[in-house]
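below are the sequence and a predicted model; questions follow.
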Amino acid sequence: MTDEQGPSGDLTSRWWPAGPVDDARPPARKGPGQSPEGWSVPTLAARLRVTPELIRIVLGCLWIFDAALQFQPAMFGRGLVTGMILPSAQGQPLPIAWSITTLGHFVLPDAGVWNLLIATLQLGVGLGLLFRRSARLALSVMLPWCVAVWWLGEGFGMLFTGRASPLTGAPGGVLLYAVIGLLIWPSTRRDPGDGERRLGVGSSAAAQGPFGARAALGAWSGLWTLTAVLWLLPANRAAGAVGDQIAGAATGQPAWYAHFLLSLSHHVGTAGAPIAWVMAMLAVVVAVGPLLSSRPGGFLALGSLAALAMWVCGMGLGNVLTGMGTDPQTGPLVVLLAVALAPAAVPARATDGTPLVAMLRWNRAATWGMASVAGAALLLSATYPVAGLASQAARAPDGGVEVASSSSRGAMAGMAGMGAAPVQRGRSSTGQTTNGGYPGGSRTKGMGGAGMAGMAGLGVETPHWHYTGPPLPKAETQLLSTVTSETDVGHKVQTPDCTTPPTATQVLGAVQYVQQTTAAVAKYRDLSAAVAAGYVPITDTAYPVVHYVKIDYLTQKYVMDPNHVQSLVYAFTPYGPVLVAAMYLMPSAAEKGPMPYGCLVQWHAHTNLCMSSTTHEYVGFSPCPSGTFNYPTPVMTHVWQVPVAGGPLALDPSDLQVVQAAIEAQLDGQAPTTPGQGKVIGAASAPAHGAL
């Protein structure tokens, strides 16, 4: 073997000394069969020439991709604010919530203009990162922008709410943009820093930045330690929490992907705590491993695989397939961070020059102090009781109104856009006491003992809902009651025995769902605005309750999307039409509706309705007369905009109660009045109409 060969006869290109990587001549070999001290091995990262410039270019491409997502048509509407900015204020400490809501209300009137500016800025940052001359300027703009978005757009990754979950993207992708940008900041650094060696992470692209290998290791270990802490939060250890988060990612996804997520959620079931513990222990291993070994490639690969798994199963690929994603979320960014930390050369033995030993030599007090803080955070998160969180009441961010306990049976009438006071009233116009707001009975048949108004309405069931407005004509009252009874014959609930109490995560998610939907459909309080937007009647317009549908929204990508509500329901009172409900419809009768909030949001269909062969409106009930045909509906679910007895998520109140609630909303100033557009139905003019 010549002196140009390594200890096993390999060429010099395979073995490198422990000194600087540009020192190409290896030391002399020790005795036969011994692993020489100081030898180092080039890695895949070296062969692929992973440099800070390469990481910077990939980061720039991600920013350009984000800009493309921001240029999507849906981003130029009010949904940018109502669906993304304002929800980040939920559950936040008061100063954070105030700052987010203040920004949201400032942006809301000109959301499209602001979105154009945001998208243009992101495009500029991305293009700037692609070129060496503009990289420093692009990074200078990127870093404060990341801080602003992480604060005002992501609510600090929801870290201060107690509900942040790595499975859904915490601590936030925009934070990782900033971390990676700092690590690869253009630097003239070429020689190892004090106490650093060009091996392991010290030979990585991230270590060539101004902060060196210690900062790179700190970023990786800190991220995964925080991930472990978040996994052990009570909200993520609760039974069913993991399954709920997976199911929630299915909203708006293509059919094949939504089916995968919902099936996975079903298999996970209530095994929240075991999964949280396993993922937390995995995160600890990924965090600590690179500190205990100077050959961290395996730990970086394990962290990348775990991040991608959470990206696919919990983050919905960053919602990029739904038309509502603004960035790819944390999964790809964790992989990019791992690539930035991938060493170009490693020692022949993993125990040579471990980073932990170097850190102890650097500053023993600081090293043990950071370890103690991390251990205390893990211990506190792991030992905080789940029941302690479950007993706390959640509050709506806009008014501080108590909305739920985690048992989900508390009053929920204070949701955004719906006052609780009108729910409990005086005496019905018919003089009849009603049960759950349904004339003649509670409509709980087939529900396994769980009343529709109670379980599906977040527990806001008032056994004796009363109406105190002006009396309706007897003929109209009779018509509304009769149609409701006929409709009930074909009423088919997707989950008739759904009685499982929702988790705290489900309750809080349902609150956000109601608030987002209510904010999104507020622009349609005037019926003419809905008609101008393309909503057409699908039920007989001569009946007091009319359903309008926007056919373009009947696609899988808009399932339960507040910015693309498939149907709007209006009640026509003597004072004009009232938007009484936003209604989500599945694209076809063959598809089941997702249930990300457990029993709180249930779906139902109608099987006995007849559709006109000419107008394609529902006009009666089976058996269908000539000129009509039986056409079962897809499953649907409502978000009520008037105070029906079952609350905003009541399954299907009677048409009589819906009209009465609409009148009360008008009298209370919660709904507009439109003189000249009202209607009073008499028995002679009443159509045979199927209510939805």
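Looks like it came in fine. Note that the structure is predicted; figures quoted are calculated from it, not measured.

in which helix or strand would I find residue 531?
Assigned by DSSP states H and E, residue 531 belongs to helix 527-532.

next SSE after that helix?
Heading C-terminal from helix 527-532 (DSSP H and E), you reach strand 536-537.

which residues touch residue 270?
Residue 270 is in contact with 239, 240, 243, counting by C-beta atoms under 8 Å, 6 or more residues apart in numbering. (Glycine included, C-beta is placed from N, CA and C.)

need the buried ones from those selected in PyMOL.
Buried members of the contacts of residue 270, defined by 16 or more other C-beta atoms under 10 Å, are picked up in PyMOL with:
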select buried, resi 239+240+243
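
for the nearest residue to residue 608 once chain neighbours are set aside, give me phi and psi.
Using C-beta to C-beta, 6 or more residues apart in numbering and skipping residues adjacent in sequence, the residue nearest residue 608 is residue 490, 2.8 Å away. Torsion angles at residue 490 (phi, psi; degrees, to the nearest 10) stand at phi -100, psi 20.

what of residue 582?
Torsion angles, degrees, to the nearest 10, at residue 582: phi -100, psi 130.

mind listing the strands for the stretch 401-550 of the chain?
402-404, 491-493, 536-537, 545-549 (DSSP state E, counting those that start in this stretch).

of all these, which lies closest to residue 474?
strand 545-549 (17.9 Å; C-beta to C-beta).

list the buried residues of the closest one.
So for strand 545-549, counting by 16+ other C-beta under 10 Å, buried means 545, 546, 547, 548, 549.

closest to residue 43 out of these?
Nearest to residue 43 among the buried residues of strand 545-549, with distances taken as C-beta to C-beta, is residue 549, at 58.3 Å.

so the closest one touches residue 565, yeah?
No - in this structure residue 549 lies outside contact range of residue 565 using C-beta atoms under 8 Å: 9.9 Å.

what is in contact with the two at once?
Looking at what touches both residue 549 and residue 565 (by C-beta under 8 Å, 6+ apart), there is no common residue.

domain ranges for the protein?
52-388, 394-685 (automatic domain parsing).

in TSV: these, plus mean pLDDT.
Listed next are these as TSV, based on pLDDT from 0 to 100:
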stretch	mean pLDDT
domain 52-388	87
domain 394-685	72
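
please render these as JSON lines that adds distance to residue 42 to the earlier fields.
Listed next are the domains of the chain as JSON lines, based on distance: least, C-beta to C-beta, whole Å:
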{"stretch": "domain 52-388", "distance to residue 42": "5"}
{"stretch": "domain 394-685", "distance to residue 42": "46"}
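
those domains: which one's closest to residue 46?
By C-beta to C-beta (comparing all of these), the closest turns out to be domain 52-388, at 4.0 Å.

gap between the closest one and the chain center?
15 Å (C-alpha atoms, centre = their mean, to the nearest Å).

now do the contacts for residue 287.
220, 221, 222, 223, 224, 225, 227, 228 are the contacts of residue 287 under C-beta under 8 Å, 6+ apart.

filter these down to the ones in helices?
Among the contacts of residue 287, the members found in helices (DSSP state H) are 220, 221, 222, 223, 224, 225, 227, 228.

mind putting those into JSON lines with distance to residue 300 and neighbour count?
Listed next are the ones in helices among the contacts of residue 287 as JSON lines, based on distance: C-beta to C-beta, whole Å; neighbours: other C-beta atoms under 10 Å:
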{"residue": "220", "distance to residue 300": "8", "neighbour count": "28"}
{"residue": "221", "distance to residue 300": "11", "neighbour count": "22"}
{"residue": "222", "distance to residue 300": "15", "neighbour count": "14"}
{"residue": "223", "distance to residue 300": "12", "neighbour count": "23"}
{"residue": "224", "distance to residue 300": "11", "neighbour count": "26"}
{"residue": "225", "distance to residue 300": "15", "neighbour count": "22"}
{"residue": "227", "distance to residue 300": "14", "neighbour count": "28"}
{"residue": "228", "distance to residue 300": "17", "neighbour count": "25"}
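
which one of these is nearest to residue 539?
For the ones in helices among the contacts of residue 287, the nearest to residue 539 is residue 227 (49.8 Å; C-beta to C-beta).

how about the strands of the stretch 401-550 of the chain in CSV, adding distance to residue 115?
Shown next, in CSV, are those (distance: least, C-beta to C-beta, whole Å):
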stretch, distance to residue 115
strand 402-404, 30
strand 491-493, 40
strand 536-537, 29
strand 545-549, 27
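
of all the ones you listed, which one comes closest to residue 622?
Among those, strand 491-493 sits nearest to residue 622 (C-beta to C-beta), with 13.0 Å.

ok, that closest one: who's next to it in the sheet?
strand 604-606 (antiparallel) (DSSP bridges).

look up how far residue 557 lies from residue 537.
24 Å (C-beta to C-beta, to the nearest Å).

and what of residue 595?
The value you get for residue 595 to residue 557, if C-beta to C-beta is used, is 18 Å.

just residue 303 next, same as before
From residue 303 to residue 557 the distance is 31 Å (C-beta to C-beta).

more neighbours: which of these two?
In this view residue 303 and residue 557 are compared by other C-beta atoms under 10 Å, and residue 303 has more residues nearby, 27 against 18.

go ahead and confirm that one touches residue 225.
No - taking C-beta under 8 Å as the definition, residue 303 is not a contact partner of residue 225, at 11.8 Å.

all helices of the stretch 501-650 of the chain, in order?
504-521, 527-532 (DSSP state H, counting those that start in this stretch).

show me where the stretch 101-250 of the chain has its helices.
Using DSSP H, counting those that start in this stretch, helices in the stretch 101-250 of the chain cover 111-129, 132-148, 173-183, 212-231, 234-237, 241-248.

for these, which one sits closest to residue 519?
Per C-beta to C-beta, nearest to residue 519 of those: helix 111-129, 12.0 Å.
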